[in-house]
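Asker: got a structure for you, letters missing:
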């Protein structure tokens, strides 16, 4: 009897271990999406304005809500993060929502990608998303997450060209009375950069700079001579911009907000900011990544803004939680406001 009981216990333990192993495999086993090889891009390609989705603005202008660094990964914090987002949407009534990276994090990134898509679609407002350096550090790669976003009812996300660096380089055009008004450019600032024999935070690739040049020229030729950019990791000019503002004695006509941590970017600089200056169309740039920075500085005619961190997941400052509200007036004047939540 004792031996039979011992055998039963061993079988039960083995069964439990097998079930646990299967569950863990389900959580941690990588899931890859399908890259679209037809999205091969060349700078010699013909620019087709009709390939870019269009949103018509209202007579009162257009309001964009930027959310950033949600870091969905803690089950007990999911409702709290959801409530922050719902409050920001309810109080600011945006026409469009952009999430600038690090939306999900860790082995449950596939599950939370589905959660985010369902939550955002529930607002019945067009929305866009770009990747941060943590989004694909889990079960799903960017292509698999991209499939979920592309299949969402209100999401305008596109995987974009697969051969220029990053995933999710695309644009959305705004019209007013059917005429070109503003362009919103989404880009992937990548997870890491290998430069000078070391691994650093992500940066744009040279091909992405060329793609932006091609894209903005095509937009300008079709009447879209104003644009703004959204991505995750700031480029080095965010450091220069803050130093410029500091040297001015923190002139309020130049900047606002606060810097509470270092600008965590790559020392490698592929020249995206220089290209922006050269093209003369992009007026504003919005990033995330550094959770307790929320400054916004007009530097060389371009307003460089840190979005306000939008969740209590990962490190944060209770006084610096919320979103960033970007208002484009009917005359295409842009104002940037911080919407904090308590």
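Answerer: Looks like it came in fine. Remember, predicted model here, so these are calculated numbers, not experimental data.
Asker: all helices of the stretch 101-250 of the chain, in order?
Answerer: Assignment of helices within the stretch 101-250 of the chain using DSSP state H, counting those that start in this stretch yields the ranges 109-121, 142-150, 206-221, 237-247.
Asker: Against which helices or strands is the last one packed?
Answerer: Think helix 237-247. Helix 237-247 sits against strand 255-256, strand 296-299, strand 302-306, with contacts defined as 3 or more Cβ pairs under 8 Å, 6 or more residues apart in numbering; DSSP states H and E. No exception for glycine: its C-beta is placed from N, CA and C like everyone else's.
Asker: these two touch, right, residue 314 and residue 291?
Answerer: Yes: using Cβ atoms under 8 Å, residue 314 is in contact with residue 291, at 6.8 Å.
Asker: Quick check: neighbours shared by the two?
Answerer: With contacts taken as Cβ atoms under 8 Å, 6 or more residues apart in numbering, the residues that reach both residue 314 and residue 291 are residue 69.
Asker: Comparing these two, which residue is more hemmed in?
Answerer: Neighbours were counted for residue 314 and for residue 291 using other Cβ atoms under 10 Å; residue 291 has more, 24 against 17.
Asker: List the residues that contact that one.
Answerer: Remark: with contacts taken as Cβ under 8 Å, 6+ apart, residue 291 is in contact with 69, 261, 309, 314, 315, 316, 317, 320.
Asker: 6 Å - rerun?
Answerer: Under the criterion of Cβ atoms under 6 Å, 6 or more residues apart in numbering, the contact list for residue 291 reads 69, 309, 315, 316.
Asker: what about the closest residue to residue 212 other than its chain neighbours, which SS state?
Answerer: Nearest residue to residue 212 in three dimensions, chain neighbours excluded: residue 275, at 6.1 Å (Cβ to Cβ, 6 or more residues apart in numbering). Following DSSP: H, G, I helix; E, B strand; the rest coil, residue 275 is assigned to helix.
Asker: likewise residue 325?
Answerer: Reduced to three states with three-state DSSP, the structure at residue 325 is strand.
Asker: quick one, what contacts it?
Answerer: Applying Cβ under 6 Å, 6+ apart as the definition, the contact partners of residue 325 turn out to be 65, 92, 337, 339.
Asker: Where does pLDDT dip in this protein?
Answerer: Within the chain, the stretches with pLDDT under 70 are 1-28, 36-38.
Asker: which residues does the spatially most central residue of it bridge with?
Answerer: The C-alpha lying nearest the average C-alpha coordinate of the chain belongs to residue 100 (Cα atoms, centre = their mean; 2.2 Å). When bridges are taken as DSSP bridges, the partners of residue 100 come out as residue 130.
Asker: before we move on, what about the one 4 residues further on?
Answerer: Each beta-bridge partner of residue 104 is listed here: residue 72, as defined by DSSP bridges.
Asker: my guess is it contacts residue 110, does it?
Answerer: No: contact status for residue 104 versus residue 110: not in contact, 8.2 Å apart, counting by Cβ atoms under 6 Å.
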